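J.: Just a sequence and a predicted model for now, questions to come.
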Amino acid sequence: MKNKKYRILYFILFVITIHIAFACQNEKNWTTKIKTPQEFINIFPKEFEISSEVFINDTINLLNPFSVEVLGNLLWVRNQGTSGSKLISVFDMDTKNYIGDMLKIGNGPLEYNNCICQNITKDTLFVLEFYAKRASLFSVEKVRSLSNIP
């Protein structure tokens, strides 16, 4: 009985060892065959032409965009490093015009510092501020009117 148990165990170990030996010999990674940058380029021979359109050409209010999202018919841009005193720039997508800035940066009441902004629905902006431990919701109307009051 013991002898039969060891035979099964040895057989299983033998099968696993053979499987590992053959698996290690197969090179399935195609990047190992590339030796030069030109060979890498030649692997992808198909080229696609991309057409673009300038949607908002505003070099003054789009200085440091960090993230861009659509809220209703508004385009809001979270500014990185915010050289000004506001966190978000708002644009009207229908007229392609700059509406203004909202969410004053600071540590006071109705001021925001170190926060995450994102859409949670098609008509609601969610602002989560870590240090103040508060979450604020802004409707499309509040964003359009550039209100700091959630």
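T.: Alright, I've got the coordinates. Residues are numbered from 1 along each chain as shown.
J.: Kindly list the longest helix within this structure.
T.: helix 2-25 (DSSP state H).
J.: Tell me the gap between the helix or strand following it and the middle of its chain.
T.: Remark: after helix 2-25, the chain's next helix or strand is helix 37-43, criterion DSSP states H and E. Centre-to-centre, helix 37-43 and its host chain are 29 Å apart (CA atoms, centre = their mean, to the nearest Å).
J.: Stretch 115-130 now?
T.: On CA atoms, centre = their mean, the centre of stretch 115-130 falls 14 Å from the chain's centre.
J.: Contact partners for residue 100?
T.: Counting by CB atoms under 8 Å, 6 or more residues apart in numbering, residue 100 touches 89, 90, 146. All C-beta atoms are positioned from the backbone trio N, CA, C, and that covers glycine.
J.: what about 7 Å?
T.: Applying CB atoms under 7 Å, 6 or more residues apart in numbering to residue 100 gives the contacts 90, 146.
J.: Please apply the same query to residue 101.
T.: For residue 101, the contact set (CB under 7 Å, 6+ apart) comprises 84, 86, 88, 89, 146.
J.: ok, and the closest non-adjacent residue to the residue nearest to the spatial centre of the chain?
T.: Nearest residue to the geometric centre of the chain (CA atoms, centre = their mean): residue 67, 8.3 Å. Nearest residue to residue 67, sequence neighbours excluded (CB to CB, 6 or more residues apart in numbering): residue 78, at 4.6 Å.
J.: For the host helix or strand of that neighbour, buried residues please.
T.: Element membership for residue 78 (DSSP H and E) is strand 74-79. Buried residues in strand 74-79, defined by neighbour count with 16 or more other CB atoms under 10 Å: 74, 75, 76, 77, 78, 79.
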